[in-house]
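Undergrad: Just to be clear, the model below is a prediction. Sequence and coordinates:
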Amino acid sequence: MSSDDRTIPVTSRRRWRLLAGIGAAVLTIALAYGLHWAQVLRWHQSTNDAYVGGNVVEITPQISGTVVGIGADDTQFVKAGQPLVRLDRADARVALDQAEAQLARTVREVRTQFATSAQLEAAVEVKQTALAAAQSDLTRREHLGTSGAVSGEELQHARDAMRAAQADLAATRQQLAANRARVDGTTLSDHPEVRAAAAAVRSAYLTWTRTELPAPVAGFIARRSVQLGQRVSPGAPLMAVVPLDQVWVDANFKEPQLASIRVGQPVTLRADVYGTKIVFHGRVAGFGAGTGSAFSLLPAQNATGNWVKIVQRVPVRVALDPAELAAHPLQIGLSMRADVETRDRSGPRLPQLASSATPWSTEVFGSGDALADARVAAIISANEAAPMRAAAHEQDTRSHGLLADTQLPAARHHAP
């Protein structure tokens, strides 16, 4: 038997052993992958098509004006309420002075109306006294006229005097009624004319305060386009404030992946800017109402002969952990990789989530109302007569006493 004949079986056996080893390894890997898929992978949906989103708060003026000051520039951090843009206040200052002067004048005019009512009441009493005297004089002369002691002419003068006194009393009563119609049922601060003048002061004061544009929220300045000396109009975008502590992630999943994703499922995310070592944790907050192509500027028109099916993607909103976000800040538009654990699928796929709470709000623009009310109250008080203030205080004290007796909370009338 030659050496070549002995070599062939040995080589064949080695080849079969190698193939058997490879097959066993492939089978082991397949079994391991199948076991891993059954226990882990089938409960996860992931995508690389995910990006950081956030609020971009536009700074726009509410009035027209010329820019005379800019308080922040791009990339700078600002606090809520910090002045960002200042407009020329000259015209607003003049309008406010005119409105305040008109309010003071109106208060004094209404004071005159209240005083006129008291004056006319006294005049009515005087006219009533004069009428009584004329009637008494006429009665006396009529008794004397029967005996011929008083001439007919003198008796006629007495009758004319009584009719004149009656007409004078009627005219004074009409004046009193007309003046009471303007002031009855009101106080000085609640008089319609005073309220109208006070509203004009508030409007002028709010216009004056709106010459300074504050930051509605804390964040970083972006897209500054305003320049000094620029004439701006209401609604024109001047700059934007981006609050990076309020960002989220919009992960765009394919259509087949959406069937197992539910609101509230945990999500792990990694940002390209930090690499794979930093892991963010979040939860599914909601789903977009349509695919990205459906809400694009130019939606796709598929009613053509050359139609090619393209798998669509739907944005899924992911809320991030605020503590992790503070430790590793994210900027809007950064790329993320999102992985959703879909083990818990008990909820509906598209829940109708409704919240009565306001998710975003600011108190920066509401401070002017209280200051305007205080300014109006100060003007009314400065132009109100001391006796009227004392009477109003006495009436308010009586009201408090009655309310205290009935165990109700005290109420005080404030100037509008």
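TA: Thanks, I have the structure now.
Undergrad: Now do the same for the residue nearest to V249 when sequence neighbours are not counted: helix, strand or coil?
TA: What sits nearest to V249 in space, not counting adjacent residues and going by C-beta to C-beta, 6 or more residues apart in numbering, is V318, at 4.2 Å. Yep, even glycine has a C-beta here, placed from its N, CA and C like the rest. Classification of V318 by DSSP: H, G, I helix; E, B strand; the rest coil places it in strand.
Undergrad: Surely V318 touches L269?
TA: Yes - using C-beta atoms under 8 Å, V318 makes contact with L269 at a distance of 6.9 Å.
Undergrad: Now do the contacts for the residue nearest to V249.
TA: Residues in contact with V318 (C-beta atoms under 8 Å, 6 or more residues apart in numbering) are 50, 248-251, 267, 269, 282-285, 338.
Undergrad: Among those, the buried ones, what's the ChimeraX command?
TA: Typed into ChimeraX, the line below selects the buried ones among the contacts of V318, using 16 or more other C-beta atoms under 10 Å:
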select :50,248,249,250,251,267,269,282,284,285,338
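Undergrad: With secondary structure and pLDDT as added columns, please give the contacts of V318 in TSV.
TA: Below are those laid out as TSV (DSSP: H, G, I helix; E, B strand; the rest coil; pLDDT from 0 to 100):
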residue	secondary structure	pLDDT
A50	strand	94
W248	strand	95
V249	strand	96
D250	strand	95
A251	strand	94
V267	strand	95
L269	strand	95
G282	strand	94
R283	strand	95
V284	strand	94
A285	strand	92
A338	strand	94
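Undergrad: What's the per-residue pLDDT of the residue nearest to V249 here?
TA: At V318, the model reports a pLDDT of 95.
Undergrad: Next: the one 5 residues further on.
TA: A323 is assigned 94 on the pLDDT scale.
Undergrad: That one: how many residues sit nearby?
TA: Number of residues near A323 (other C-beta atoms under 10 Å) recorded here: 8.
Undergrad: which residues are common contacts for V318 and L269?
TA: Listed as contacting both V318 and L269 by C-beta under 8 Å, 6+ apart are 50, 249, 282, 338.
Undergrad: The third one is in contact with G264, isn't it?
TA: Read that as G282. No - G282 lies out of contact with G264 (C-beta under 8 Å); the separation is 10.9 Å.
Undergrad: Bridging across strands, which residues link to D339?
TA: Per DSSP bridges, the residues bridged to D339 are S46, T268.
Undergrad: Run through the residues that contact it.
TA: 44-46, 267-269.
Undergrad: again, but for A319
TA: 248, 282-283, 285.
Undergrad: would CSV of those with distance to F295 be doable?
TA: Output for the contacts of A319, formatted as CSV (distance: C-beta to C-beta, whole Å):
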residue, distance to F295
W248, 17
G282, 23
R283, 24
A285, 18
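Undergrad: number of nearby residues for the residue nearest to R262 when sequence neighbours are not counted?
TA: Spatial nearest neighbour of R262, excluding adjacent residues (C-beta to C-beta, 6+ apart): G347 at 4.6 Å. G347: 12 surrounding residues under other C-beta under 10 Å.
Undergrad: Let me know the pLDDT of the residue nearest to R105 when sequence neighbours are not counted.
TA: Closest residue in space to R105, ignoring its immediate chain neighbours: A197 at 7.9 Å, by C-beta to C-beta, 6+ apart. For A197, the pLDDT comes out at 92.
Undergrad: can you check W37 too?
TA: Model confidence at W37, given as pLDDT, is 58.
Undergrad: What ranges does this structure have for its strands?
TA: 44-53, 57-59, 65-70, 77-78, 83-87, 212-214, 219-222, 231-232, 239-242, 248-254, 266-271, 280-287, 313-320, 335-341 (DSSP state E).
Undergrad: Pretty sure D250 sits against Y51.
TA: Yes - judged on C-beta under 8 Å, D250 makes contact with Y51 at a distance of 5.9 Å.
Undergrad: mind listing what's buried in stretch 270-289?
TA: Quick answer for stretch 270-289 (16+ other C-beta under 10 Å): 270-271, 280, 282, 284-285, 287.
Undergrad: Then stretch 325-336?
TA: For stretch 325-336, the neighbour count (16+ other C-beta under 10 Å) marks 325, 330, 332, 334, 336 as buried.
Undergrad: Tabulate the contacts of V318 (TSV), appending distance to T276.
TA: Putting the contacts of V318 into TSV (distance: C-beta to C-beta, whole Å) gives the following:
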residue	distance to T276
A50	15
W248	21
V249	16
D250	21
A251	17
V267	16
L269	11
G282	17
R283	21
V284	22
A285	24
A338	14
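Undergrad: Name the nearest of the contacts of V318 relative to Q98.
TA: Using C-beta to C-beta, W248 is the member of the contacts of V318 that sits closest to Q98, with 48.4 Å.
Undergrad: beta partners for that closest one?
TA: Where W248 sits in a bridge, its partners, by DSSP bridges, are G53.
Undergrad: Make sure it is actually in contact with P315.
TA: No - at 10.6 Å, W248 and P315 do not qualify as touching, with contact defined as C-beta under 8 Å.
Undergrad: can you give me how far stretch 271-283 is from the chain middle?
TA: Mean C-alpha position of stretch 271-283 versus that of the full chain (C-alpha atoms, centre = their mean, to the nearest Å) differs by 35 Å.
Undergrad: CA atoms of it as CSV?
TA: Listed next in CSV are the C-alpha coordinates belonging to stretch 271-283 (Å, rounded to 0.1, in the frame of the first residue of the first chain):
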residue,chain,number,x,y,z
ALA,A,271,-25.8,60.3,22.9
ASP,A,272,-23.1,60.5,20.3
VAL,A,273,-21.6,63.6,22.1
TYR,A,274,-20.8,61.5,25.2
GLY,A,275,-20.2,58.1,23.6
THR,A,276,-21.4,54.8,24.9
LYS,A,277,-20.2,55.1,28.5
ILE,A,278,-22.9,57.7,29.4
VAL,A,279,-26.4,56.2,29.5
PHE,A,280,-29.6,58.2,29.8
HIS,A,281,-32.8,56.8,31.2
GLY,A,282,-36.3,57.9,30.3
ARG,A,283,-39.8,56.8,29.6
